[in-house]
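S.K.: Sequence and predicted model, in that order:
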Number of protein chains: 2
Amino acid sequence: MIRTIEWTDHGVVMIDQRALPMEELYPCYTTYQEVADAIQTMVVRGAPAIGVAAAMGIALGIRQIRDFPSDVYEGKFEEICRTMERTRPTAVNLFWAVRRMRVLFERVKGEGPEEACRALEQAAVNMYHEDIAINKRMGFFGQQLLPQKGTVLTHCNAGALATAGYGTALGVIRAAREVGKDIQVLADETRPFLQGARLTAWELAHDGIPVRIICDNMAGWMMQQGRVDCVLVGADRITAQGDVANKIGTYSVAVLAKENSIPFYVAAPVSTLDLSLSWGKEIPIEERDSSEITHIRGKRIAPEGVDAINPAFDVTPHKYVSAIITERGIAQAPYLESLKSLAEKP
Amino acid sequence: MIRTIEWTDHGVVMIDQRALPMEELYPCYTTYQEVADAIQTMVVRGAPAIGVAAAMGIALGIRQIRDFPSDVYEGKFEEICRTMERTRPTAVNLFWAVRRMRVLFERVKGEGPEEACRALEQAAVNMYHEDIAINKRMGFFGQQLLPQKGTVLTHCNAGALATAGYGTALGVIRAAREVGKDIQVLADETRPFLQGARLTAWELAHDGIPVRIICDNMAGWMMQQGRVDCVLVGADRITAQGDVANKIGTYSVAVLAKENSIPFYVAAPVSTLDLSLSWGKEIPIEERDSSEITHIRGKRIAPEGVDAINPAFDVTPHKYVSAIITERGIAQAPYLESLKSLAEKP
């Protein structure tokens, strides 16, 4: 089993996703500031994993402030939450997790700092277990959309490494394999961070699921050549209309899938829905440092003085989305109704 | 001025495009075998540059065999030509250049080895000068399609480095700048060889043309955000119907351009036309070693045991092509007629 993130007595242990697949490092983070930094620098990434990491970071943070005088205690807690929220702007699961921790804090703060520590720690650990259960449920629904035999193209990493475990898009693939479907995977390498070539390839190979890597610019050609049966990706935020923010390049894959009459599926937990937003253009898109593109492994590949543009996400309008797989079932167009009904489902 | 390839008294001098932009190396190749190897290993690349390199390689080769006994001389010449043809399968300019050298050889071989050497050397040098003149002519026609002010997205490198000089697609951009148009460039980095990030960025920066790099998977999003006014690429082979083989990823860019109502232009000399082929699916697509994807700068980035697929080119069906810019004018749909008429133009 892949150990993406773990709550331990010493702190939060996370596999360092920047070092994979060449090195398996499991650093331990003991303060909320360290966890925030790990999220920002992409030690941990993937919307659901970021949510769990943020919750665990807050659980560490409240422990750090438990002896603070009561007149600054609540302000400090708010500062911890805000630090987490400032790490990355696009994935809504982060804000969802922080909100859950805030609501819980409001409920338990009257019972004293020790009880607040205990409750928030418990909540973070629960969120971890919940996330795995959610992914398995998503897999159960989603695998029904996959053919008995075929090739699934995926972009970025929406796997065990992007979640507490099992994965969203890759969880659906795992579930399909578990029911005996003969599924193989084409993984877009996903520049600049190479989540596909490094992470998706690593975790699928780890589980014995056949995977081959292509460059991002090859996905369209593979589709045009009839070598892709469906596309399956995760999501960082989904609006009420069904517009999907996900790793940069997802929009292109979706357009190419539609052009080649290939279904384009999104797998994401209900916590990824942001029904407060109607359209994709309202979603804040993180712009990361251009050195992620101009340098590879710390070495410059682009000429001195030439800059790059580095949006980390894009938005796929709902018209390209064939279905959205959640732990409560599968939503199809019109999403305004289907997503609302899933969100309200008990 | 950028010196891509040069005929000298010592041999063929080429800038090593694998080392750019970090190092400017100008190795000298003294045998046809070395030139063939340089084409295959992408010291030199780009359809027109490959054509000129092949011609110069043959001019070196005939010098190598000039003292051979007459009963093996012609067979040896044929072997030189075949060695050149085997280097790379997709760009038709290679075969076009070899054919020109063969035809010339047939004409002059009766005059003895010295005269054949002289004539073939002269032909190769002429081809070099012709190519630059052709590109300037292409620039003259093509720049008329560009807006007075705007951003051109290009894929791969169809510049001075892909030709004897000036460039095809980048030649059009140079010509537009020369007539005072305010054009800036977005360069797809173009994995796996990074022709965009390394070569296009280098030569445009060299000439003071504003350029920024994006990852290949960002092109669609840039278009969707209204940040691209037109797409302009080169070509490796164009069929009678107007289907365009070019660097892998071109097809995706073309589909995305159409989806976003952005014109998609191809700039290529008439020598890139292969009217013997009707449809794109008849074009042989080179598959290169998967280590070009799984390794970066000789270091493995993908997990051990995971393979990649590495088609070096794709084919863009003519329905996505807004216009084809040649040195004889601009072709538009229906290409079957317009390309034929350009090819037959005196």
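M.R.: Sure thing, it's come through.
S.K.: now the helices: where do they sit in the stretch 1-150 of chain A?
M.R.: If DSSP state H, counting those that start in this stretch is used as the criterion, the helices of the stretch 1-150 of chain A fall at A:32-40, A:47-64, A:70-85, A:92-108, A:113-142.
S.K.: Out of these, the one nearest residue A:307 is which?
M.R.: The stretch from the helices of the stretch 1-150 of chain A with the least distance to residue A:307 (Cβ to Cβ) is helix A:32-40; that distance is 21.4 Å. Yep, even glycine has a C-beta here, placed from its N, CA and C like the rest.
S.K.: counting contacts, what elements does that closest one pack onto?
M.R.: Contact analysis of helix A:32-40 by 3 or more Cβ pairs under 8 Å, 6 or more residues apart in numbering or on different chains; DSSP states H and E lists helix A:47-64, helix A:70-85 as its packing neighbours.
S.K.: thinking again about what came up before, go through the helices of the stretch 1-150 of chain A and pick out the most buried.
M.R.: Among these, judged by mean count of other Cβ atoms under 10 Å in any protein chain shown, the one packed with the most neighbours on average is helix A:47-64 (a mean of 28).
S.K.: So which bits of the stretch 51-200 of chain A are right by chain B?
M.R.: Residues of the stretch 51-200 of chain A found near chain B (Cβ under 8 Å from any Cβ of the partner chain) are A:155, A:186, A:188-192, A:194, A:197-198.
S.K.: could I get those residues as CSV with pLDDT?
M.R.: Formatted as CSV, the entries for those read as follows, by pLDDT from 0 to 100:
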residue, pLDDT
A:155, 98
A:186, 98
A:188, 98
A:189, 98
A:190, 98
A:191, 98
A:192, 97
A:194, 97
A:197, 98
A:198, 97
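S.K.: Out of the residues you listed, who's the most crowded?
M.R.: residue A:189 (33 neighbours; other Cβ atoms under 10 Å in any protein chain shown).
S.K.: Contact partners for that residue?
M.R.: Taking Cβ atoms under 8 Å, 6 or more residues apart in numbering or on different chains as the contact definition, residue A:189 lies against A:196-197, A:213-216, B:191, B:293, B:308.
S.K.: Reformat those residues as TSV; add secondary structure.
M.R.: Conversion of those to TSV gives the following (DSSP: H, G, I helix; E, B strand; the rest coil):
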residue	secondary structure
A:196	helix
A:197	helix
A:213	strand
A:214	strand
A:215	coil
A:216	helix
B:191	coil
B:293	helix
B:308	strand
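S.K.: could you check the angle helix A:113-142 makes with whichever strand or helix holds residue A:177?
M.R.: In this assignment (DSSP states H and E), residue A:177 forms part of helix A:169-178. Taking axes from the mean of the first three to the mean of the last three Cα atoms, to 10 degrees, helix A:169-178 and helix A:113-142 form an angle of 50 degrees between their directions.
S.K.: how far is helix A:169-178 from where the chain is centred?
M.R.: Here the centre of mass of C-alpha atoms in helix A:169-178, compared against the chain's by Cα atoms, centre = their mean, to the nearest Å, lies 16 Å away.
S.K.: Ok, stretch A:105-118 next?
M.R.: Distance, centroid of stretch A:105-118 to centroid of chain: 29 Å (Cα atoms, centre = their mean).
S.K.: Phi, psi for residue A:225 please.
M.R.: Dihedral angles phi and psi of residue A:225 (degrees, to the nearest 10) take the values phi -90, psi 0.
S.K.: now it: how far from residue B:219?
M.R.: Distance check for residue A:225 against residue B:219: by Cβ to Cβ, to the nearest Å, it reads 20 Å.
S.K.: Between the two, which is the more surrounded one?
M.R.: Set side by side, residue A:225 and residue B:219 give different neighbour counts by other Cβ under 10 Å, the larger being at residue B:219 (28 against 16).
S.K.: Now do the strand or helix carrying the more buried one: which elements does it pack against?
M.R.: Assessed by DSSP H and E, residue B:219 sits inside helix B:219-224. Contacts of helix B:219-224 with other secondary structure elements, assessed using 3+ Cβ pairs under 8 Å, 6+ apart, are made with helix A:250-259, strand A:313-316, strand B:149-154, strand B:182-188, helix B:250-259.
S.K.: Now do the contacts for residue A:23.
M.R.: Going by Cβ under 8 Å, 6+ apart, residue A:23 touches residue A:16.
S.K.: give me phi/psi at it?
M.R.: Backbone torsions for residue A:23, taken as degrees, to the nearest 10, come to phi -130, psi 140.
S.K.: Can you tell me how far it is from residue A:207?
M.R.: 19 Å.
S.K.: quick one: buried residues of the helix holding residue A:177?
M.R.: Of the residues in helix A:169-178, those with enough neighbours to count as buried (16 or more other Cβ atoms under 10 Å in any protein chain shown) are A:169-177.
S.K.: Next, give me the two most distant ones among the residues you listed.
M.R.: Checking those against each other with Cβ to Cβ, the farthest-apart pair comes out as A:169 and A:177, at 13.3 Å.
S.K.: of the contacts of residue A:189, closest to residue B:70?
M.R.: Within the contacts of residue A:189, the smallest distance to residue B:70 is 48.2 Å, found for residue B:293 (Cβ to Cβ).
S.K.: Distance of the closest residue to the closest one other than its chain neighbours relative to residue B:281?
M.R.: Using Cβ to Cβ, 6 or more residues apart in numbering or on different chains and skipping the chain neighbours, the partner closest in space to residue B:293 is residue B:308 (3.9 Å). The gap separating residue B:308 from residue B:281 is 23 Å, by Cβ to Cβ.
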